[in-house]
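>>> Below is the sequence, then the predicted model.
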Amino acid sequence: MTPDTIRIKAAGIVRARFNRGEPADSIAGAYGVSRRVVSRWASGEGLPSRTVAGRIVAMSGTGHKSRVSP
């Protein structure tokens, strides 16, 4: 996966969690980011950084490993 693909996939994971009704505070705490950033990702206003995106994808349990370096 390319870094941009990982960032897009990570934003989709966050958006799915948000759309299922999980609070932004909970999502933010899981990934070590602010609630405001989660809201931006969920609304499509931005994408996670490469570092955070790799962590989100790795934590999602999809089996994909990120090759993104900080």
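Cool, the structure landed. Remember, predicted model here, so these are calculated numbers, not experimental data.

>>> element containing the residue positioned nearest the centre of the chain?
In the chain, the residue lying closest to the centroid (CA atoms, centre = their mean) is residue 10, at 3.7 Å. Counting by DSSP states H and E, the element that carries residue 10 is helix 3-19.

>>> After that helix, which helix or strand is next? Please name it.
Using DSSP H and E, the first helix or strand after helix 3-19 is helix 24-31.

>>> Can I get that following helix in PDB, CA atoms only?
C-alpha atoms of helix 24-31 as PDB (Å, rounded to 0.1, in the frame of the first residue of the first chain):
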ATOM      1  CA  ALA A  24     -15.300  11.100  18.900                       C
ATOM      2  CA  ASP A  25     -13.700  11.100  22.400                       C
ATOM      3  CA  SER A  26     -13.400   7.300  22.400                       C
ATOM      4  CA  ILE A  27     -12.000   7.200  18.900                       C
ATOM      5  CA  ALA A  28      -9.500  10.000  19.600                       C
ATOM      6  CA  GLY A  29      -8.300   8.200  22.800                       C
ATOM      7  CA  ALA A  30      -7.800   5.000  20.900                       C
ATOM      8  CA  TYR A  31      -5.500   6.600  18.400                       C
END
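
>>> next SSE after that helix?
Next along from helix 24-31, by DSSP H and E: helix 35-43.

>>> ok, residues contacting the helix holding residue 10?
Applying CB atoms under 8 Å, 6 or more residues apart in numbering, the external contacts of helix 3-19 come out as 1, 24, 27, 31, 38-39, 41-42, 44, 46-50, 52-54, 56-57, 60, 64, 66, 68. Every C-beta, even on glycine, is put in place using the N, C-alpha and C of the backbone.

>>> Pull the contacting residues for residue 38.
With CB under 8 Å, 6+ apart, residue 38 has these contacts: 14, 18, 24, 27, 28, 31.

>>> unless I'm mixing things up, the last one is touching residue 58, no?
Translated: residue 31. No: contact status for residue 31 versus residue 58: not in contact, 10.7 Å apart, counting by CB atoms under 8 Å.

>>> Tell me the buried residues in the helix holding residue 10?
6, 7, 9, 10, 11, 12, 13, 14, 15, 17, 18 (16 or more other CB atoms under 10 Å).
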